[in-house]
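K.L.:
build the 3D model from these lines:
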Amino acid sequence: MLQKTLLLLALSVLSLPVDAQINSASLTGLVTDSSGAVIPHARVTARSQTTNLERSAETDAAGYYYFATLPVGTYQLTVEGAGFQGAQKTVNLETAQKGRADFSLSVSQLQTAVTVDAVAPQLSPQDSSVGSVVDNTYVSKFPLLLRSWDDLMNLVAGVQGSRYTEQSGATSAGRTGGFNVHGVRSLQNNFILDGVDNNSISENVQELTTQVVRPSVDTVQEFKVMTNPYSAEYGRSPGAAINVTTKGGTNQYHGLLYEYLRNRVLDANDFFSNRSGLAKPQNVQNQYGGNFGGPIRKNRLFAFFDYEGTRIRRGVSRITTVPLPNDGSATSAMGPRQA
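P.N.:
Alright, predicted model coming up:
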């Protein structure tokens, strides 16, 4: 029994590559010679710069190669063809990207190679969807009021965060992760976490969040917001598709520890509470944790572990306006209530 328990625990922690078309990336391209003629049966190799994962493909009769699924990250592409100089190129693949990298090989019998060290940011002629990728630079360094990664979705064109006030008591008013894209209702968005459906589907969103699992900010590698029109495999709803990719183990050990504290000392009171003479309610948010990743077997097996604890002590002032007898005056009866 103990051995089975340890085995299940190990499988839950290990980070293994899983083919999920909507969460990984794909890559294609055309291989030609200097005259523009296609080169069939050329060997194309893609090697990850973080895990040394290596995939190979051959060009078909029309000169095209295709990698259906590649984990997101930076790859070194190498092309070799009989009677041609080899060529190399570095490409960066993002979440749900359908990338393309073409090659033009020179005729030669010498064992030489042409290396392209720097390439311009890739366009995606294979995909007509409109959207933006928010990478780890923003996720890890951008200031976040409540350490919620989905606050960064406001960086994407066409996205408007749902505005609400805590003075009201409605369930929908306090929902986190809600936003409108091009006027579509917030409940019509589709959240995907590492290729798995992550949508809160209960009536009236009683969990007060749009997502079932809300990963820690420090666990998110990058995410892509596809506003429209994305391909059919996303399905579900007419709103935006939000595709989140979490971090994983690499050939290098990496980790961090953190402690986040917020209290009401630097918080401002809201306008209505100030007008009513109410003091700022208690607001203490404490988040702590860390993560660690690295190789178990170099180039073969990797692991990544994350933990975050959250403690929130918060009071809310409620102001209620009630009608008075119609005596020609317009006054309000207001009173504080701590929740």
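K.L.:
after the least confident helix or strand in the chain by mean pLDDT, which helix or strand is next?
P.N.:
The helix or strand of the chain with the poorest confidence is strand 14-15; it has a mean of 44 (mean pLDDT, DSSP states H and E). Per DSSP states H and E, strand 14-15 leads on to strand 25-33 as the next helix or strand towards the C-terminus.
K.L.:
that next one packs against which elements?
P.N.:
When contacts are defined as 3 or more Cβ pairs under 8 Å, 6 or more residues apart in numbering; DSSP states H and E, strand 25-33 sits against strand 43-48, strand 64-70, strand 86-93, strand 98-100, strand 103-105. Glycine gets a C-beta too; all of them are placed from N, C-alpha and C.
K.L.:
low-confidence regions, this protein specifically.
P.N.:
For the chain, the stretches flagged by pLDDT under 70 are 1-22, 109-128, 162-175, 202-207, 229, 327-339.
K.L.:
what domains does the record give for it?
P.N.:
Domain assignment for the chain by automatic domain parsing gives 15-116, 128-246, 248-339.
K.L.:
now mean neighbour count too, for these, in JSON lines please.
P.N.:
Shown next, in JSON lines, are these (neighbours: other Cβ atoms under 10 Å):
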{"stretch": "domain 15-116", "mean neighbour count": "17"}
{"stretch": "domain 128-246", "mean neighbour count": "17"}
{"stretch": "domain 248-339", "mean neighbour count": "13"}
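K.L.:
distance to residue 29 added to the helices and strands packed on strand 25-33, as JSON lines?
P.N.:
Shown next, in JSON lines, are the helices and strands packed on strand 25-33 (distance: least, Cβ to Cβ, whole Å):
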{"stretch": "strand 43-48", "distance to residue 29": "8"}
{"stretch": "strand 64-70", "distance to residue 29": "6"}
{"stretch": "strand 86-93", "distance to residue 29": "9"}
{"stretch": "strand 98-100", "distance to residue 29": "5"}
{"stretch": "strand 103-105", "distance to residue 29": "7"}
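K.L.:
of all these, which lies closest to residue 238?
P.N.:
strand 98-100 (21.4 Å; Cβ to Cβ).
K.L.:
who touches residue 44 in this structure?
P.N.:
Each residue near residue 44 by Cβ atoms under 8 Å, 6 or more residues apart in numbering is listed here: 29, 31, 56-59, 65, 77-79, 103.
K.L.:
which parts of the stretch 51-200 of the chain are helices?
P.N.:
136-141 (DSSP state H, counting those that start in this stretch).
K.L.:
which residues in it form strands?
P.N.:
Applying DSSP state E, counting those that start in this stretch to the stretch 51-200 of the chain gives strands spanning 54-58, 64-70, 73-80, 86-93, 98-100, 103-105, 113-116, 130-134, 159-161, 179-181, 190-193, 196-197.
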